[in-house]
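S.K.: Predicted model and sequence follow; I will ask about them next.
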There are 4 protein chains.
Amino acid sequence: MIIVIDAQANQDERAALLALVEQVAGQRRPVATTCIGESEVIAIDQAVLDTQALEAIRCQPAVAQILTPTTPYQLVSRHFKASPSSIVVGDARHCDPVVIGGEQAMPVIMAGPCAVESREQLLETARAVKEAGATVLRGGAFKPRTSPYQFQGLGIEGLRLLAEARQETGLPVITEVMEPEMVEVVADYADILQIGARNMQNFPLLQAVGRRGRGKPVMLKRGLSATIDEWLLAAEYIVAAGNPNVILCERGVRSFDPQTRNLLDLACVPLLHELTHLPVIVDPSHATGRRELVPTMARAGIAAGAEGLILEVHPDPNSALCDGRQSITPAELRTIVHEARLMVQIMQDADRLSQVA
Amino acid sequence: MIIVIDAQANQDERAALLALVEQVAGQRRPVATTCIGESEVIAIDQAVLDTQALEAIRCQPAVAQILTPTTPYQLVSRHFKASPSSIVVGDARHCDPVVIGGEQAMPVIMAGPCAVESREQLLETARAVKEAGATVLRGGAFKPRTSPYQFQGLGIEGLRLLAEARQETGLPVITEVMEPEMVEVVADYADILQIGARNMQNFPLLQAVGRRGRGKPVMLKRGLSATIDEWLLAAEYIVAAGNPNVILCERGVRSFDPQTRNLLDLACVPLLHELTHLPVIVDPSHATGRRELVPTMARAGIAAGAEGLILEVHPDPNSALCDGRQSITPAELRTIVHEARLMVQIMQDADRLSQVA
Amino acid sequence: MIIVIDAQANQDERAALLALVEQVAGQRRPVATTCIGESEVIAIDQAVLDTQALEAIRCQPAVAQILTPTTPYQLVSRHFKASPSSIVVGDARHCDPVVIGGEQAMPVIMAGPCAVESREQLLETARAVKEAGATVLRGGAFKPRTSPYQFQGLGIEGLRLLAEARQETGLPVITEVMEPEMVEVVADYADILQIGARNMQNFPLLQAVGRRGRGKPVMLKRGLSATIDEWLLAAEYIVAAGNPNVILCERGVRSFDPQTRNLLDLACVPLLHELTHLPVIVDPSHATGRRELVPTMARAGIAAGAEGLILEVHPDPNSALCDGRQSITPAELRTIVHEARLMVQIMQDADRLSQVA
Amino acid sequence: MIIVIDAQANQDERAALLALVEQVAGQRRPVATTCIGESEVIAIDQAVLDTQALEAIRCQPAVAQILTPTTPYQLVSRHFKASPSSIVVGDARHCDPVVIGGEQAMPVIMAGPCAVESREQLLETARAVKEAGATVLRGGAFKPRTSPYQFQGLGIEGLRLLAEARQETGLPVITEVMEPEMVEVVADYADILQIGARNMQNFPLLQAVGRRGRGKPVMLKRGLSATIDEWLLAAEYIVAAGNPNVILCERGVRSFDPQTRNLLDLACVPLLHELTHLPVIVDPSHATGRRELVPTMARAGIAAGAEGLILEVHPDPNSALCDGRQSITPAELRTIVHEARLMVQIMQDADRLSQVA
């Protein structure tokens, strides 16, 4: 249940409302208070309220409106907020900001190496992806690796290199954060905090990027076999903790055929657009794990309506320390960017056409 | 292993070769002899041959060439036939033939009701889909239903109605065949024989459409959780039985999230184009099971490079006897056809561009 | 909905009832009439009946009782028949019959080679499995193989050899039937008709073993990724077609880890015992695909309450033409049989104990 | 690659070896030094070593032996340590310690509520499970919940209640830790640290329980769709970080049939016993999500060779704040414990028999 607070309510009225809600929710039932767009809201689990409690809340002077989505997620629901959210990425003092989602025309293209390996590799790639049309630079400083013996990333040194690459190219930077204790540090350098697929239900981490990430946009990758509901509830954790700037990223789910690394679920894009106001990014690199499939699936992702793509690009994929098998070259990126723009043009024309008809 | 027979070889040389191969293969190891394009070929399991046997075959005068694909499927492999197969559908005496696959520009659009329910429903739908731009009419006469108590289709009466609709609209007709004994009957009426997902590994049926379907094109739907290799081996059954005119149809695979009926695996489209010369059709209706997702996923299917779409269309989806939940209207079909054409245009332009570069 | 016919009703009353039901069901909505135990019943899809029609049926003199299971399957439901079905296998003129399911104490052990390869191999294995304690002989004469080039089985020659092995050992025989046209022939030789996993939703085949198998018991293997409901509806097809002697066989479902061939779903055993009166057999050979896991999973299958096991046994697994990787030796079979008996003893004691308490 | 250090080597020799290995491994390639049983070992990724580097290491005086498992995991591999690990749980000053795994006869039974809800609920359940035969008390103080609005556990208050229940019953306590920062606190109270399924690849958490958990045993639940290799590599993270006391817990994997919460993969038990020396616990409560299936699957888990069970028990399942649907009663637990003991007896007898034969 979402209680929208009356913008005219005074401090006492607000405090009285919150106290009542917390009392009704009872011990250890979380109550989220946050702002979405212009609205200040309180969200709680509807299941804990009986009719009497509900009535008592409804009578509070601070209440502007009560919404009861039928879905388990609430603040991220399109029922609560009908207009698509647009999320501003990057601070104009350090880079060229981009807008993801909303009514903006062009899909965002995030590109860069899987892992930051060295100053040279990163700067060379950053320049190349910028030149090819990318608008955000990706690169892993902290790498979640399946084996403890694999290269684990350059850590804080990697963050510094990303900041340097941002300064040089003007591209805002996205990088992964893996543990709550590191959220502030990563937020010092990055413009988007990435939550990896393996951490989609790492709830303390979700709460940390919600509370301690200074509102920096968070890109939440879908878990290896997460349902849409679980994914949106994970996003709800971040929003309920105070950070409404969440971007979803489809990167394929686990399936039975070893031919591809994962199974890219593009139908989730239009489905998410029905269910949530959050923007959706598609990652064809991790989804397929095969370089030769990436350009086609990037195009299909845009056709499915994604607000952007995230792509692994390496100047020399065969020598990459990580995921070279799925990295494309800057030249391939350029074609993808070009096609994506034309594709969006067609889709907008077709939409206009069908609205006329 | 594929043995290409020398077109100049005489009858005796051919017979000697075949006898040798059969002897080498041994009892109950099938040997396929068939024609692909201009070539007459023999295919067998390479595993049964030792070096000596291989050498003996190689010395036969009737042998033009020996190919050894590294994949378990052989005749459908792109290693064997590099150019994409184009399959002619429909006989000009009864309808307007269409070509699926190959170098042809426009994707085929197969559309119609899930099941043939009545003369009126079918003819009305047939006219409507033709008018909206479809080039093949789909409709089920024999329906594989999960429950024995559900509507099982109109049977032969349904086939007759399909032939009538073809005559009226000029659209060639695709319909499902469910058992070997019915192959000839269905081939009497249909222009494409459809093998449903549940029958993808019904091997006697695959052999029957290969041998007894008079070369009528066969559309082979992917099994509920079939790997790409299993699917291509199922296609190989049909081709090895003498019918090279196989069309693959991706209709989603089984997965864990009940939000959609199946999980549409669009990455299989470019992957199949690498592995096989057979054309690929996408079925967004069965894949998603949700009408509102069909137009977007149809667009994404074309963007993924599919040679066509198959779509459930019903003049009044809410009253359909079967699968109304996933049927679109003729008006929605029209938009899909329009977008598909523009999309193909862009993709061809982009290909040209990247070949120039 | 199940209409139990009054045993006292005369011919006219029965005919009137059936005519009414068929009229109400309408064209192409199947109506099943069959016998389960002592009861003669009619089953139809409840969804097609309105209150008025239901009332009209209820008033028919031939109606003894109307049951409305809440599940889509009806005749196989435990709601319809609370006592576990026991199925007699084998004709005493040709072999030593066994009973599967019901209140009988000992689990049935079906064992033998994947494929009948030769007279020697089959007879040797038959004697060995009999000696090790097996009570049914398995062996494939018609083999559904993923590739058209693999060994496809000895066919009718294989059936003859199975009959010979039965005569010599007294073991009833189970073998697979792959197409409707072959049901009578296979039923001439086999004591149990096996429907393979790939044919679980081959509906014409299900109807054929229901109608044309002369009531021979049918073992229905679970499809590669079939839900429990789909599986029970497939069983319902057979029962609704007139053959109540259905045995279910869990053989693992498709999953994401290539370490085992399939994922054995043992929890389906107690779940099925809740939902249906049909007996359940476990196949640890196909489920795991690894010989070294078979004995342990056989034991676990019995512990899960299975009414029996089906096991691939080969005198020399390494030289098997098919599935040698998952075949155990006769000596391993002997240990499995011994443990299974002790296990059942414990479970019966524990049940007695907990009923006392 | 595992380098076993010579117990006779002096400090300088050890330091020289380690320095060489670190130099060879290069920046950011982790090198693990730890003790397993009596052996002090160094583990690294074999892939980074060329022949020359390997030779240089081999010549170091501190090297006793070099092992090169063919699996990606090393220290947890049965190739490295052939005898099953036995893990001592609980400090005799605070409770009755139990041994998990190894040659010990009886499976451990961990039982208790999903969540610690109150002092009364916990103490009552603790007494009841002790009386029913459980040897470890389970209970969640920090609860990972899919929705941010659900009850999140009592936190540190819950830990204190668990310690009180331990003191009263003598049962060692297992409880979940969700974030690296909380490892020390949870280790202050708990006897086993549980890593939940959603955190199986939360690598900072794995490292934290490895390094900062003071050697307290860790129970690592299998991820929702983790392969066996991924699971063992997650265990390897903990061992490589310095804590060899890892217990694996199978709790079902995600699958396509909503009938059960997860799909219990019992075949993983004998498979893990082949691949690793770590003990394996089975959790039938989370695996099935259905109370009525738990006793049977507990029995099947023991039959599959599990070193123990973890079970959700609630004095009044219907009123549980969490997972009541899958909680059994203390009376049901008693029967499970009784059967488990008999089952183990049989299995040991059968093993003895087959060793004699």
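M.R.: Ah, there it is.

S.K.: What is the helix ranked longest in chain A packed up against?
M.R.: In chain A, with assignment by DSSP state H, the single longest helix is helix A:330-356. Using 3 or more Cβ pairs under 8 Å, 6 or more residues apart in numbering or on different chains; DSSP states H and E as the contact test, the elements touching helix A:330-356 are strand A:108-112, helix A:119-132, helix A:294-303, strand A:308-312, helix B:330-356. (Each C-beta comes from the backbone N, C-alpha and C, glycine too.)

S.K.: If we use 10 Å, what do you get?
M.R.: strand A:108-112, helix A:119-132, helix A:294-303, strand A:308-312, helix B:294-303, helix B:330-356 (3 or more Cβ pairs under 10 Å, 6 or more residues apart in numbering or on different chains; DSSP states H and E).

S.K.: any idea of the mean pLDDT in that helix?
M.R.: Over the span of helix A:330-356, the pLDDT mean works out to 84.

S.K.: A:Ala32 contacts A:Ile2, correct?
M.R.: Yes: with contacts counted by Cβ atoms under 10 Å, A:Ala32 reaches A:Ile2, the gap being 9.3 Å.

S.K.: Distance-wise, check A:Thr276 relative to A:Val253.
M.R.: 18 Å (Cβ to Cβ, to the nearest Å).

S.K.: for A:Ile156, same thing?
M.R.: 32 Å.

S.K.: More neighbours: these two, which one.
M.R.: Taking other Cβ atoms under 10 Å in any protein chain shown, A:Ile156 and A:Val253 do not tie; A:Val253 has more neighbours (25 against 15).

S.K.: and A:Ser319, how many residues sit next to it?
M.R.: A:Ser319 has 10 neighbours, counted by other Cβ under 10 Å.

S.K.: Now do the contacts for it.
M.R.: Contacts for A:Ser319 (Cβ atoms under 10 Å, 6 or more residues apart in numbering or on different chains) come out as A:Glu117, A:Gln121.

S.K.: how close does it sit to A:Val313?
M.R.: Distance of A:Ser319 to A:Val313, given as Cβ to Cβ: 14 Å.

S.K.: A:Tyr189 too?
M.R.: 20 Å.

S.K.: between those two, which one's more packed in?
M.R.: Counted by other Cβ under 10 Å, A:Tyr189 and A:Val313 do not tie: A:Val313 has more neighbours, with 30 against 18.

S.K.: In this structure the more buried one contacts A:Ala298, no?
M.R.: No: using Cβ under 10 Å, A:Val313 makes no contact with A:Ala298, being 11.4 Å away.

S.K.: mind showing which ranges of chain A have poor pLDDT?
M.R.: Applying pLDDT under 70 to chain A flags residues A:27-28, A:104-105, A:353-357.

S.K.: Give me the domain ranges for it.
M.R.: A:2-67, A:86-354 (automatic domain parsing).

S.K.: Can you give me the distance of the residue in the stretch 51-200 of chain A that chain D sits nearest to to A:Ser85?
M.R.: Nearest residue of the stretch 51-200 of chain A to chain D (Cβ to the nearest Cβ) works out as A:Tyr149 at 3.5 Å. Using Cβ to Cβ, A:Tyr149 is found at 41 Å from A:Ser85.

S.K.: near chain C, anything from stretch A:240-259?
M.R.: Yes: contact between stretch A:240-259 and chain C, assessed by Cβ under 10 Å from any Cβ of the partner chain, occurs at A:Val253, A:Arg254, A:Ser255, A:Phe256, A:Asp257, A:Pro258.

S.K.: Turn those into JSON lines, including secondary structure.
M.R.: Listed next are the residues of stretch A:240-259 next to chain C as JSON lines, based on DSSP: H, G, I helix; E, B strand; the rest coil:
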{"residue": "A:Val253", "secondary structure": "strand"}
{"residue": "A:Arg254", "secondary structure": "coil"}
{"residue": "A:Ser255", "secondary structure": "coil"}
{"residue": "A:Phe256", "secondary structure": "coil"}
{"residue": "A:Asp257", "secondary structure": "coil"}
{"residue": "A:Pro258", "secondary structure": "coil"}
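
S.K.: Show me which pair in those is furthest apart.
M.R.: Pairwise distances across these (Cβ to Cβ) peak at 14.3 Å, for the pair A:Val253 and A:Pro258.

S.K.: quick one: which of the residues of stretch A:240-259 next to chain C is nearest to B:Glu292?
M.R.: Distances from B:Glu292 to those, taken by Cβ to Cβ, are shortest for A:Val253, at 21.2 Å.

S.K.: Without its sequence neighbours, what residue ends up closest to the residue of the stretch 51-200 of chain A closest to chain D?
M.R.: D:Asp45 (3.5 Å; Cβ to Cβ, 6 or more residues apart in numbering or on different chains).

S.K.: wait, isn't that neighbour in contact with D:Thr68?
M.R.: No: under the criterion of Cβ under 10 Å, D:Asp45 makes no contact with D:Thr68, lying 11.3 Å away.

S.K.: So for these two, which residue has more residues nearby?
M.R.: Between D:Asp45 and D:Thr68, counted using other Cβ under 10 Å, the more crowded position is D:Asp45 (18 against 12).

S.K.: CA-only coordinates of stretch A:167-183, as PDB, when you get a sec.
M.R.: What follows is stretch A:167-183, C-alpha atoms only, in PDB (Å, rounded to 0.1, in the frame of the first residue of the first chain):
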ATOM      1  CA  GLN A 167      37.600  13.200 -17.700                       C
ATOM      2  CA  GLU A 168      39.300  12.600 -21.000                       C
ATOM      3  CA  THR A 169      36.200  11.500 -22.900                       C
ATOM      4  CA  GLY A 170      33.300  13.200 -21.200                       C
ATOM      5  CA  LEU A 171      31.600   9.800 -20.900                       C
ATOM      6  CA  PRO A 172      29.800   9.100 -17.600                       C
ATOM      7  CA  VAL A 173      31.000   5.900 -16.000                       C
ATOM      8  CA  ILE A 174      29.200   2.700 -14.900                       C
ATOM      9  CA  THR A 175      30.900   0.100 -12.700                       C
ATOM     10  CA  GLU A 176      29.900  -2.600 -10.300                       C
ATOM     11  CA  VAL A 177      29.700  -2.500  -6.500                       C
ATOM     12  CA  MET A 178      29.800  -5.800  -4.800                       C
ATOM     13  CA  GLU A 179      29.500  -5.100  -1.000                       C
ATOM     14  CA  PRO A 180      27.700  -2.600   1.200                       C
ATOM     15  CA  GLU A 181      30.900  -1.300   2.700                       C
ATOM     16  CA  MET A 182      32.100  -0.200  -0.700                       C
ATOM     17  CA  VAL A 183      29.100   1.700  -1.800                       C
END
